[in-house]
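A.B. asks: got a structure for you, letters missing:
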């Protein structure tokens with residue numbers, strides 16, 4: 001695996017929302033095949049970073065750049081970023097009554113195929129594909145026929161996000177607190193699914209408060225955010241230090 005092939009670079013990024021500055025000179029570089037974990041206290045800017053990478057329209061980039069595979073996407077719209085290989089797994093996935101889960105997933109899958117100039121897949125072939133994928137995350141196939149996320153538990157919603165990520169096979173996945181609200185078994189299922197998905201051609205950014213997911217995933221880098229920028233970076237041992245000493249004693 002070639003670690004030198006950069007997939008994402010963020011240079012001196014300043015971001016505001018409603019005239020309040022949230023990100024303040026943030027820098028980050030991610031190579032293909034790497035897993036990066038972002039940690040930090042509530043309000044440090046972690047979720048803002050996830051939304052800005054995916055192109056959330058409410059956030060205003062006032063300075064700096066975001067480069068995806070050397071292309072400046074700082075002001076690109078969310079659809080374009082998604083088509084170029086960015087996936088955002090939401091902390092609180094939305095419920096969409098009246099839209100079946102399997103129809104939504106097939107639409108997203110075929111939209112990605114179209115952008116890649118590949119053949120779209122028919123309903124029967126997709127059904128076979130998604131049933132194989134769903135086994136890998138220990139999720140009941142009954143959820144495919146239900147409305148998107150409607151009535152799903154927190155763990156089921158998170159598994160559905162991982163299912164979508166797996167189907168789309170995007171190059172950069174940003175998982176915003178994908179482990180929040182999960183019991184021990186669901187957390188292990190999510191972690192196993194992430195490890196199965198991760199390959200040399202894709203990269204992940206995981207935002208979390210919890211050391212347990214980091215133990216399961218074994219990321220390449222752990223970054224600590226505070227007051228809108230990354231203050232400290234290291235390997236997974238940094239997460240152990242946070243668990244033992246807290247953020248204040250490490251900054």
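C.D. replies: Cool, got the structure. Nothing here was measured: the structure is a model prediction, and the numbers come from that model.

A.B. asks: all helices for this structure, in order.
C.D. replies: In the chain, the helices defined using DSSP state H lie at 46-54, 78-83, 101-115, 123-136, 154-168, 184-197, 211-217, 237-245.

A.B. asks: for the third one, packing partners?
C.D. replies: Where contact means 3 or more CB pairs under 8 Å, 6 or more residues apart in numbering; DSSP states H and E, helix 101-115 is packed against helix 78-83, helix 123-136, strand 147-148, helix 154-168. Just so you know, the C-beta spots here come from the backbone N, C-alpha and C atoms, and that holds for glycine as well.

A.B. asks: one more time with 7 Å
C.D. replies: On a contact count with 3 or more CB pairs under 7 Å, 6 or more residues apart in numbering; DSSP states H and E, helix 101-115 meets helix 123-136, helix 154-168.

A.B. asks: can you list those in JSON lines and add mean pLDDT, distance to residue 221 and mean neighbour count?
C.D. replies: JSON lines is the format used below for these (pLDDT from 0 to 100; distance: least, CB to CB, whole Å; neighbours: other CB atoms under 10 Å):
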{"stretch": "helix 123-136", "mean pLDDT": "89", "distance to residue 221": "26", "mean neighbour count": "14"}
{"stretch": "helix 154-168", "mean pLDDT": "86", "distance to residue 221": "20", "mean neighbour count": "21"}
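
A.B. asks: need the helices of the chain in a markdown table with distance to residue 66, can you?
C.D. replies: Below are those laid out as a markdown table (distance: least, CB to CB, whole Å):
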| stretch | distance to residue 66 |
| --- | --- |
| helix 46-54 | 7 |
| helix 78-83 | 9 |
| helix 101-115 | 20 |
| helix 123-136 | 30 |
| helix 154-168 | 20 |
| helix 184-197 | 23 |
| helix 211-217 | 24 |
| helix 237-245 | 24 |
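
A.B. asks: where's the nearest residue to residue 67 once chain neighbours are set aside relative to residue 164, distance?
C.D. replies: Excluding the flanking residues, the one nearest residue 67 by CB to CB, 6 or more residues apart in numbering is residue 9, at 4.4 Å. Separation of residue 9 from residue 164 (CB to CB, to the nearest Å): 26 Å.

A.B. asks: nearest to residue 145, of the helices of the chain?
C.D. replies: Nearest of those to residue 145, taken as CB to CB: helix 101-115 at 6.5 Å.
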